[in-house]
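Participant: Fold the following and give me the result.
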Amino acid sequence: MESRGAKVVPIFAGGLDFSGPVDKFYFDPIRRDIPFVDCVVSLTGFALVGGPARQDHPKAIDSLKRLNVPYMVTVPLVFQTT
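Facilitator: A predicted model of the protein is given here:
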């Protein structure tokens with residue numbers, strides 16, 4: 001993706017709440033209301049906030065609405081192409 005001009009910003013969260021790293025790394029550090037990315041690609045099979053047993057949909061929706069860029073989850077794509 002970088003060879004095609006994309007700025008790749010990988011993040012990892014040790015817990016099950018990825019909204020914190022999204023807020024910290026995917027917004028312009030000076031103007032916190034402007035997204036720093038054009039798209040988010042999730043490499044986990046879990047929700048943005050939560051895991052297999054419990055999700056916090058309102059928190060995830062709020063985070064993604066504020067980001068306002070496409071959000072793609074790759075795990076379903078793997079299952080659909082095998």
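Participant: can you give me the strands for this protein?
Facilitator: For the chain, the strands defined by DSSP state E occupy 40-42, 71-73.
Participant: List the buried residues of the last one.
Facilitator: Of the residues in strand 71-73, those scored as buried under the neighbour-count criterion (16 or more other Cβ atoms under 10 Å) are Val73. (C-beta placed from N, C-alpha, C; glycine too.)
Participant: what's the spacing between that strand and its chain's center?
Facilitator: 7 Å (Cα atoms, centre = their mean, to the nearest Å).
Participant: What strands flank it, and is each parallel or antiparallel?
Facilitator: Paired neighbours of strand 71-73 in the sheet (DSSP bridges): strand 40-42 (parallel).
Participant: if we look at the partner strand, which residues are touching it?
Facilitator: Applying Cβ atoms under 8 Å, 6 or more residues apart in numbering, the external contacts of strand 40-42 come out as 18, 22, 26, 48, 67, 69-75.
Participant: Apply 7 Å and report the result again.
Facilitator: With contacts defined as Cβ atoms under 7 Å, 6 or more residues apart in numbering, strand 40-42 is touched by 26, 67, 69, 71-74.
Participant: Next up, the contacts around the closest residue to Ser63 other than its chain neighbours.
Facilitator: Once flanking residues are discounted, Ser63 sits nearest to Ser19: 4.1 Å by Cβ to Cβ, 6 or more residues apart in numbering. By Cβ under 7 Å, 6+ apart, the contact set of Ser19 is 48-49, 59-60, 63.
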